[in-house]
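Trainee: quick one: sequence and predicted model below, then my questions.
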Amino acid sequence: MGQLGEADSQYKRAMELEPGNAAFKAEAQLVDLVYAPRFLSWCVVYRQAQWHADKAIRVHSPPVETALLLKVEALLALGKHAEALNEIRSLTVHGDPMATEVLTVRAQALYLSGNMSMAENTYQVVLRLDPDNSSSRKGLKRIKLMNSSKNAGNEAFKAGKWREAEQHYTQALEVDSLLKSSFVAQCACNRAAVHLKLRDPEAALKDAECAVELDSQYAKAYLRRASAHQALEHFEEAVKDFEKVKSLEESTPNIDGMLRDAKVALKKSKRVDYYKLLEIDQNAGEADIKKAYRRAAFKYHPDKASSEDREENEKKFKLVGQAHAILSDQAKRQKYDAGWSAEEIDQGMQMGEDGTYGRGGHGANMDDVFAHMFAGGMFGGGMPGGMGGGMGGSRGGHSRRPGGFSGF
């Protein structure tokens, strides 16, 4: 069983004795096809092998054991692991379903399908029955190495040893680089989590893509891919993956919060980033915002631009004013950080005569503000309305000009 060279010789002798035996002829064709080394790497040949095996099984009742075995081997070569396992249920050798040849091919099928624990147990049974079974001994050694590497990776991850975890998961994946199973998907998914901890979203995305390709129903793989997309600012893809996670496993911890955050990030990506415009961090304090505003207002003031750049600077100058108006107002800033757009923040507020939004119906004139800033209002000269020198406001806080526009 499985010794195809000897089987090929036996069938040829049988055909010489009974040249008209159709069953012998079908089995001989099948053995010759699968046994030929020059064909073994061709997927089409395995399909032919399966076809010949099915034919041999149909013309002989009960089915020929050799034909069943070769069909299982063809199915495994074609990646049809579940179908192979189903066929193995009726596989016997001399009527014995527990023969070592049957158990060995069952262990291989379990291994290729990703059921490592069952494959390991089956290989152990084979070796108890046949201690010299080399293929089972090699298979068991391979599984133990892969499992130990994965488990070591898990322990390192729990301990926060990211580099060590990465090494162990990589070792588990390299034991059998040709294996495509749920076990590989799990190792790739775990390594993706490590890459995210190491702030390497590109590598995380690659591993997560591999895991999803191997197991399209693996919710955790989509979760890792969503996190990688979000880190790379692929917000639309992140939202889609978080939605996929929720559809597969609605009980995933905090999936609603993660999906909500991804949608907020997507919304933010489609509006003007005031922090980026002012070149400040999102945690910037009031003083930093004022300083950044003065710098940006000077940089983009239309009077400082050439004629060809004036129109663009006018747009930027207006946005700089909007950025300051929102980020210097605590309530507005909270809404902005929560994902609101400038239009949504201004919704319901009274619009001034000049078309800008502000409290009391008066908008801020950016040119006037800029003029006051450099005419001395911000640098010790005094501003209209009786404001003193220094920073133009009372001690302990910044003043507001009439119309609600914040000081610098």
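Mentor: Received it, and whenever you're ready, just let me know what you need.
Trainee: where does the stretch 301-408 of the chain dip in pLDDT?
Mentor: 348-408 (pLDDT under 70).
Trainee: which residue packs closest to residue 68, ignoring adjacent ones?
Mentor: Using Cβ to Cβ, 6 or more residues apart in numbering and skipping residues adjacent in sequence, the residue nearest residue 68 is residue 91, 5.2 Å away. Every C-beta, even on glycine, is put in place using the N, C-alpha and C of the backbone.
Trainee: wait, I meant residue 274
Mentor: Per Cβ to Cβ, 6+ apart, closest to residue 274 is residue 323, 3.7 Å.
Trainee: do residue 264 as well
Mentor: Per Cβ to Cβ, 6+ apart, closest to residue 264 is residue 339, 3.9 Å.
Trainee: who touches that neighbour in this structure?
Mentor: 264-265, 267-268 (Cβ atoms under 8 Å, 6 or more residues apart in numbering).
Trainee: do residue 124 as well
Mentor: Residue 124 neighbours (Cβ under 8 Å, 6+ apart): residue 140.
Trainee: report pLDDT for it.
Mentor: On pLDDT, residue 124 comes in at 97.
Trainee: hmm, back to that, would you turn the contacts of residue 339 into a markdown table with pLDDT, distance to residue 282 and neighbour count?
Mentor: Formatted as a markdown table, the contacts of residue 339 follow (pLDDT from 0 to 100; distance: Cβ to Cβ, whole Å; neighbours: other Cβ atoms under 10 Å):
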| residue | pLDDT | distance to residue 282 | neighbour count |
| --- | --- | --- | --- |
| 264 | 89 | 13 | 15 |
| 265 | 90 | 12 | 15 |
| 267 | 88 | 16 | 15 |
| 268 | 85 | 11 | 17 |
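Trainee: take those residues and keep only those in strands.
Mentor: The subset of the contacts of residue 339 located in strands under the criterion DSSP state E is empty.
Trainee: now, which of these sits nearest residue 291?
Mentor: residue 268 (23.7 Å; Cβ to Cβ).
Trainee: just give the nearest non-adjacent residue to that closest one, would you?
Mentor: Excluding its sequence neighbours, the residue lying closest to residue 268 (Cβ to Cβ, 6+ apart) is residue 339, at 5.6 Å.
Trainee: so the one you found: helix, strand or coil?
Mentor: At residue 339 the chain is in coil, as set by DSSP: H, G, I helix; E, B strand; the rest coil.
Trainee: chain neighbours aside, what residue packs nearest to residue 336?
Mentor: Closest to residue 336 by Cβ to Cβ, 6+ apart is residue 326, at 5.2 Å.
Trainee: about what we covered before: contacts for the helix or strand harbouring the residue nearest to residue 274, please.
Mentor: Per DSSP states H and E, residue 323 falls inside helix 310-327. Outside helix 310-327, the residues that touch it by Cβ under 8 Å, 6+ apart are 272, 274-275, 277-278, 284, 289, 293, 296-297, 300-302, 304-305, 332-333, 336, 342, 345, 364, 366, 369, 405-406.
Trainee: again with stretch 262-282
Mentor: With contact meaning Cβ under 8 Å, 6+ apart, stretch 262-282 is reached by 226, 230, 233, 235-236, 238-239, 242, 284, 288-289, 292-293, 295-296, 316, 319-320, 322-324, 326-327, 336-339, 341-342.
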